[in-house]
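Engineer: Predicted structure and sequence below. I'll ask about it afterward.
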Amino acid sequence: MKEASSLFVLLFVLACSESTSSQIVLTEEEKLIQAELLKQEYANFKSIYGESSKATKKDLKNYMINVIVENPECIPEYVDSSINAKNTYYLLCSNLEKIYWTVNDMQNNQVKGFAKHLDDSKAISYCESLISEELTNPSTFKRKTFDTSVTKVKQGRSQVYMGFSAKNGIGMDVNFKARCLVGDGVAEIQMFEQI
């Protein structure tokens, strides 16, 4: 009887949460009930790829369900292994966002969520440090404040466009434009000399 009343409470909470924009935090008991319901709902979910001896399809499906319990806004499209990182998997959600995790996360039952964006000032500082690593004379770096912008893009990444000047190898002041893509585990930079 207690399970039936808990199930009713969970269904009521879920129904209410769809009609409001505020996020409701579930108790551990409600999460367990929701996980059981999701196991039934996704019993025939076939879109799981990239399994290995360390992470079987069953393991990946069970972890996917734990991820969905913690991230109810994610409606799963498929699970696959990352081509960029060993022993790393991701769940592609219907909103085209990805939730990444490692085999170690699965073994330690550490459930991940959507990647968070860096604060704009941290994204700019990160980009500045990437630029300094590329310059011949990093001490001459001067950022152009009004030629700097930050755009938040998918998967918790920020794209920073920055104009700056720095001295080249023969001491001449040169104007540059940089594009940095920064985020959790991401650091890419492209620099262009402005003529």
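Structural biologist: Done, it's in. Numbers count the residues shown, from 1 in each chain.
Engineer: contacting residues for S158?
Structural biologist: Shown in contact with S158 (Cβ atoms under 8 Å, 6 or more residues apart in numbering): H117, L118, D120, A123, V150, T151, K152, L181, V182, G183. To be clear about C-beta, it is placed using only N, CA and C from the backbone, and glycine gets the same treatment.
Engineer: Could you point out the helix or strand that follows the helix or strand containing D105?
Structural biologist: Per DSSP states H and E, D105 falls inside helix 103-107. Once the chain leaves helix 103-107, the next helix or strand it forms, by DSSP H and E, is helix 120-134.
Engineer: So which residues of the chain form helices?
Structural biologist: Secondary structure of the chain (DSSP state H): helices at 2-19, 28-41, 57-70, 103-107, 120-134.
Engineer: and among these, the most buried is which?
Structural biologist: The highest average neighbour count among these, using mean count of other Cβ atoms under 10 Å, belongs to helix 57-70 at a mean of 19.
Engineer: Show me how far it is from its chain's centre.
Structural biologist: From the chain centre to the centre of helix 57-70 is a distance of 17 Å (Cα atoms, centre = their mean, to the nearest Å).
Engineer: Could you tell me which other helices and strands that helix packs against?
Structural biologist: helix 28-41, strand 76-81, strand 88-93, strand 98-102, helix 103-107 (3 or more Cβ pairs under 8 Å, 6 or more residues apart in numbering; DSSP states H and E).
Engineer: Report the contact partners of the residue most central in space within the chain.
Structural biologist: Compute the mean C-alpha point of the chain, and by Cα atoms, centre = their mean the closest residue is A115, 2.6 Å away. Neighbour list for A115: K98, I99, Y100, Q155, G156, R157, G183, D184 [criterion: Cβ under 8 Å, 6+ apart].
Engineer: In PyMOL, select just the buried ones from the residues you listed.
Structural biologist: Buried residues among these (16 or more other Cβ atoms under 10 Å), as a PyMOL selection:
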select buried, resi 98+99+100+155+156+157+183
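Engineer: Out of the contacts of A115, which is nearest to K177?
Structural biologist: Nearest to K177 out of the contacts of A115 is R157 (Cβ to Cβ; 19.1 Å).
Engineer: ok, what's across the strand from the closest one?
Structural biologist: Assessed by DSSP bridges, R157 has beta-bridge partners V153.
Engineer: The most far-flung residue of the chain relative to its centre and N137, how far apart?
Structural biologist: Within the chain, the residue lying farthest from the chain centre (Cα atoms, centre = their mean) is I170, at 42.0 Å. Per Cβ to Cβ, to the nearest Å, I170 is found 10 Å from N137.
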